[in-house]
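**Q** What shape does this take:
(2 chains)
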Amino acid sequence: ETGVTQSPTHLIKTRGQQVTLRCSSQSGHNTVSWYQQALGQGPQFIFQYYREEENGRGNFPPRFSGLQFPNYSSELNVNALELDDSALYLCASSLDRGSYEQYFGPGTRLTVT
Amino acid sequence: AQSVAQPEDQVNVAEGNPLTVKCTYSVSGNPYLFWYVQYPNRGLQFLLKYITGDNLVKGSYGFEAEFNKSQTSFHLKKPSALVSDSALYFCAVRDIGNKFYFGSGTKLNVKP
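**A** Numbers count the residues shown, from 1 in each chain, chains lettered A, B, ... in the order given. Just a heads-up that it's a prediction; the model follows:
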């Protein structure tokens, strides 16, 4: 197992609500990426944070936002939840930005009803 | 548009036989290419990567992948499959804008 942890494991929210997901990166890693994985699909890149700054963003609307803290842990915030936001949200950390491989956490399963 | 394609949803192979899981990509600039494996109820695990240099890359668990620039492919291979290799395999690429793209995944079934 990697040293990447995510919380909570599961979450149920109602459409229109807001949610915050959390990720602790592997020790020594300064880069965190977030992905959305719908059932039966590959992960979709949301964004990446490097040393507390956004360092790349996929095709997700602004209601998906993030933070990275000085200890390199990270949060993913989603506002105005929609039914299609139901998915597994994965966090991945890497030693640095660039060519380094990513180490994934187990994910947070979000269900929007 | 940037993308990764894994043309096979599922690959079936007998234990001991060689296996290939296909991946093609479309990205601007020189790609950084990765393979990940996802076992049931476990997170994605890194297998190998190609950044530059030798087109044949060796990774974990005896897997290797061959980068072919002209065919824009990065196929995953193993000379002799094990039942324990059965899992979901994802190809991924990072573009020059630091965006990551994953394929839809290929389920590998290795039968004893």
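
**Q** CA only for contacts and neighbour counts going forward, please
**A** Fine.

**Q** Could you report the pLDDT at the residue of chain A found nearest chain B?
**A** Closest to chain B within chain A is residue A:42: 4.3 Å, counting by CA to the nearest CA. Among the per-residue scores, residue A:42 shows a pLDDT of 93.

**Q** does it count as helix, strand or coil?
**A** coil (DSSP: H, G, I helix; E, B strand; the rest coil).

**Q** could you pull out the strands for chain A?
**A** With strands called from DSSP state E, chain A shows them at A:5-7, A:10-13, A:19-24, A:31-37, A:44-50, A:53-57, A:64-68, A:74-78, A:87-94, A:103-104, A:108-112.

**Q** can these go into TSV with extra columns for mean neighbour count and distance to residue B:55?
**A** Compiled in TSV, the strands of chain A are given as follows (neighbours: other CA atoms under 10 Å in any protein chain shown; distance: least, CA to CA, whole Å):
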stretch	mean neighbour count	distance to residue B:55
strand A:5-7	20	34
strand A:10-13	13	41
strand A:19-24	20	34
strand A:31-37	26	27
strand A:44-50	23	26
strand A:53-57	16	27
strand A:64-68	19	35
strand A:74-78	20	35
strand A:87-94	25	23
strand A:103-104	26	24
strand A:108-112	19	36
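
**Q** Can I get those in CSV including distance to residue B:28?
**A** Formatted as CSV, those follow (distance: least, CA to CA, whole Å):
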stretch, distance to residue B:28
strand A:5-7, 32
strand A:10-13, 37
strand A:19-24, 30
strand A:31-37, 21
strand A:44-50, 17
strand A:53-57, 15
strand A:64-68, 26
strand A:74-78, 28
strand A:87-94, 22
strand A:103-104, 25
strand A:108-112, 32
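
**Q** I'd assumed residue A:36 was in contact with residue A:47.
**A** No. With contacts counted by CA atoms under 8 Å, residue A:47 stays clear of residue A:36, the gap being 10.1 Å.

**Q** Any stretches of chain B with poor pLDDT?
**A** Along chain B, no part satisfies pLDDT under 70.

**Q** burial measure for the residue in chain B positioned nearest to chain A, as a count.
**A** Going by CA to the nearest CA, chain A is nearest to residue B:104 of chain B, at 4.3 Å. Using other CA atoms under 10 Å in any protein chain shown, residue B:104 has 23 other residues around it.

**Q** burial measure for the residue lying closest to residue B:75 once chain neighbours are set aside, as a count.
**A** Distances taken as CA to CA, 6 or more residues apart in numbering or on different chains put residue B:22 closest to residue B:75, at 4.5 Å, once the chain neighbours are dropped. Neighbour count for residue B:22, taken as other CA under 10 Å: 21.

**Q** ok, now which ones touch residue B:22?
**A** For residue B:22, the contact set (CA atoms under 8 Å, 6 or more residues apart in numbering or on different chains) comprises B:6, B:7, B:8, B:73, B:74, B:75, B:76.

**Q** Tabulate those (a markdown table), appending distance to residue A:55, secondary structure and neighbour count.
**A** Shown next, in a markdown table, are those (distance: CA to CA, whole Å; DSSP: H, G, I helix; E, B strand; the rest coil; neighbours: other CA atoms under 10 Å in any protein chain shown):
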| residue | distance to residue A:55 | secondary structure | neighbour count |
| --- | --- | --- | --- |
| B:6 | 27 | coil | 22 |
| B:7 | 30 | coil | 14 |
| B:8 | 32 | coil | 14 |
| B:73 | 27 | strand | 20 |
| B:74 | 26 | strand | 28 |
| B:75 | 29 | strand | 18 |
| B:76 | 29 | strand | 25 |
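
**Q** Appreciated, that's everything.
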